[in-house]
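*Asks:* Need the 3D shape of this:
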Amino acid sequence: MDQNEDQILAEELAALAAVGGGSGRLIGLVAKLMRKNVHEVDLVIPLPFDDAVKRVVRVLEGAGRPVGPTHVEPGRDQEMIRVVASGGARGMNPVVVTALVTKGTENSSKVRLRAAAKEGFVKQRAGEKTAARLAALLSK
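*Replies:* Numbering: from 1, shown residues only. Below you'll find the model as predicted:
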């Protein structure tokens, strides 16, 4: 991925501000200084690697807009999927969700799910809540 979480979050917040009639550029600069709420969850999914990747792609794309390619290359032992989901009050806080799927045993795969969101004065814990919600969906 060519963009890091902070860049993506700053751009997303700037875009939201511009749509709302605010100064997107100013918000983008301020967003870089804001603290980040990050939460990671480790899961084991009882599916072979290729099926696990497809499931993670389906769940994450159902939760947000893909950032970067989501195609699966054959023969790999690890795949990263990244989306921007909505979190916080009224879904107005962008959350970057990154899943790293790693080949495990023949019938299971490991998933490290990471969700990150910028926090303002009101602590919404959007990263934590989004990671927990998506982990629950992946565990079903």
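
*Asks:* For residue 118, list the residues it contacts.
*Replies:* Neighbouring residues of residue 118 by Cβ atoms under 8 Å, 6 or more residues apart in numbering: 9-10, 13, 31, 34-37, 93-94. Any C-beta I mention is one placed from the backbone N, CA and C, and that applies to glycine too.

*Asks:* quick one, phi psi at it?
*Replies:* phi -80, psi 150 (degrees, to the nearest 10).

*Asks:* With respect to pLDDT, which of the contacts of residue 118 ranks lowest?
*Replies:* Within those, pLDDT reaches its minimum at residue 31, with 62.

*Asks:* residue boundaries of the strands in the protein?
*Replies:* Under the criterion DSSP state E, the chain contains strands at 35-45, 64-66, 78-87, 93-103, 109-119.

*Asks:* I'd like these laid out as a markdown table, including distance to residue 58.
*Replies:* Shown next, in a markdown table, are those (distance: least, Cβ to Cβ, whole Å):
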| stretch | distance to residue 58 |
| --- | --- |
| strand 35-45 | 12 |
| strand 64-66 | 12 |
| strand 78-87 | 10 |
| strand 93-103 | 11 |
| strand 109-119 | 13 |
